[in-house]
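>>> one predicted model, sequence on top.
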Amino acid sequence: MKVLALAGGVGGAKLALGLCRLLAPRNLTVVVNTGDDEVFHGLQVCPDLDTVTYTLAGLVNTETGWGLAGDTFNALGMLEQYGADTWFRIGDKDLATHIERTRLLKQGRTLSQVTRQLCVRLGVKASVVPMSDQPVRTRVKTDQGEMAFQEYFVQRQCQPRIRGVRFQGAKKAEAAPGFRQALDKAEVAIFCPSNPMVSIAPILSVKGARPGLRSFRGPRIAVSPIVGGQALKGPAAKMFQELGEEVSCVGVARRLASVCDVMVIDSVDAHQAQGVRAAGLEPVVLNTIMNTDADKERLAFEVLEVARERLKR
Ligand code: FO1
């Protein structure tokens, strides 16, 4: 079964790992949000691409969910001594990724090509592709003004009250070639449990993505990142609440209804199934909590089973 998975950072990467363990590499394309990308110390940093790549390579820091296991922060300490901004904690080994990515981009290669090369070197065989090769920047509108995503998320710890989100550059950004190809060839689209507002929405904002998913021929299955009224990770619940949307899998279903058919909700949310159906999606109740690698594989297996069943219809 050929699968297109859409993912943001930590939560998305977990399901992507489960899928990666079950599918032949040629059958899995993970399209990753690049709206969080930022330049730090003159280097191009792509947090979600790196989180997915490091996770699939078995190198991720499992405590944080991002960065490299066992990394040290000597370079950051030196930068601090020079008076540079160091609120974004880039580890020494992680720094090498950003140096190499920036060098290759400066040679004129596209972000898709660079990502492919980094993946190959780290032994990641599945296709990990950026949503676009053109820059798209998530800008968060808050009660304290508009700011870049990492400023909101890391520097200000999501404290400002959110008023909206926009994706700068999206109108000019094309879906990356690997994304377009997967939209064309995949039999199943899986929305990993990532924040619908700042991980999935930027992916949908690039040219060709939303129409491609609307007319996608196979089953489109989303896994809710909100369980029991709380986000599995990150600020999704706070964002939903501040924007006046229901903080539940039903709120997620309403956001994704135009591009999805099925929503996988957690067993603690079984009572919300009717609300998900009313939002226009078929609810499927599973245990969606992924603490261990076995959990990731099991959930991926069960989501693929839902897809198989739908493909038979
Ligand atoms: N997240 C943090 O909360 N604090 C950090 O200092 C931080 C540094 C960082 C460095 C490299 C990288 O690839 C990711 C990093 N992240 C950090 C995670 C990142 O900000 C978010 O997880 C994503 O952008 C949201 O998906």
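Happy to help now that I have it. Numbers count the residues shown, from 1 in each chain.
>>> what sits against the residue in the stretch 51-200 of the chain positioned nearest to the ligand?
For the stretch 51-200 of the chain, the nearest residue to the ligand under the criterion C-beta to the nearest ligand atom is residue 89, separated by 3.3 Å. For every residue, glycine as well, the C-beta is placed using N, CA and C. Residues counted as contacts of residue 89 (C-beta atoms under 8 Å, 6 or more residues apart in numbering) are 67, 73, 76.
>>> residues touching the last one, list them.
Just to be clear, that refers to residue 76. Counted by C-beta under 8 Å, 6+ apart, residue 76 has contacts 86, 89, 90, 91, 92.
>>> quick one, strands of the chain?
Along the chain, counting by DSSP state E, strands occupy 3-7, 28-32, 38-40, 43-45, 127-130, 137-142, 145-148, 162-168, 188-191, 220-223, 226-227, 230-231, 262-266, 282-286.
>>> of all those, which one comes closest to residue 274?
strand 282-286 (8.0 Å; C-beta to C-beta).
>>> can you state the direction angle for that closest one and strand 262-266?
30 degrees (axes from the mean of the first three to the mean of the last three C-alpha atoms, to 10 degrees).
>>> what strands line up against strand 282-286, and which way round?
Using DSSP bridges, the strands paired with strand 282-286 are strand 262-266 (parallel).
>>> got the contact list for the partner strand?
Outside strand 262-266, the residues that touch it by C-beta under 8 Å, 6+ apart are 219-224, 227-228, 249, 252-253, 256, 272-273, 276, 279, 281-289, 303, 306, 310.
>>> next: stretch 275-286.
With C-beta under 8 Å, 6+ apart, stretch 275-286 has contacts from 221-222, 248-250, 253-254, 256-257, 260-267, 269-270, 272-274, 299, 302-303, 306.
>>> how deep is the residue of the stretch 1-150 of the chain found nearest the ligand tucked in, by neighbour count?
Using C-beta to the nearest ligand atom, the closest approach of the stretch 1-150 of the chain to the ligand is made by residue 9 at 2.7 Å. Using other C-beta atoms under 10 Å, residue 9 has 27 neighbouring residues.
>>> same question for residue 184.
Residue 184: 11 surrounding residues under other C-beta under 10 Å.
>>> list only those of the contacts of residue 76 flagged as buried.
Buried by 16 or more other C-beta atoms under 10 Å: 86, 90, 91, out of these.
>>> for residue 15, give its distance to residue 137.
Distance, residue 15 to residue 137, by C-beta to C-beta, to the nearest Å: 25 Å.
>>> okay, now the residue lying closest to residue 134 once chain neighbours are set aside: neighbour count?
Among residues not flanking residue 134 along the chain, residue 173 sits closest, at 4.0 Å (C-beta to C-beta, 6 or more residues apart in numbering). When counting by other C-beta under 10 Å, one arrives at 24 neighbours for residue 173.
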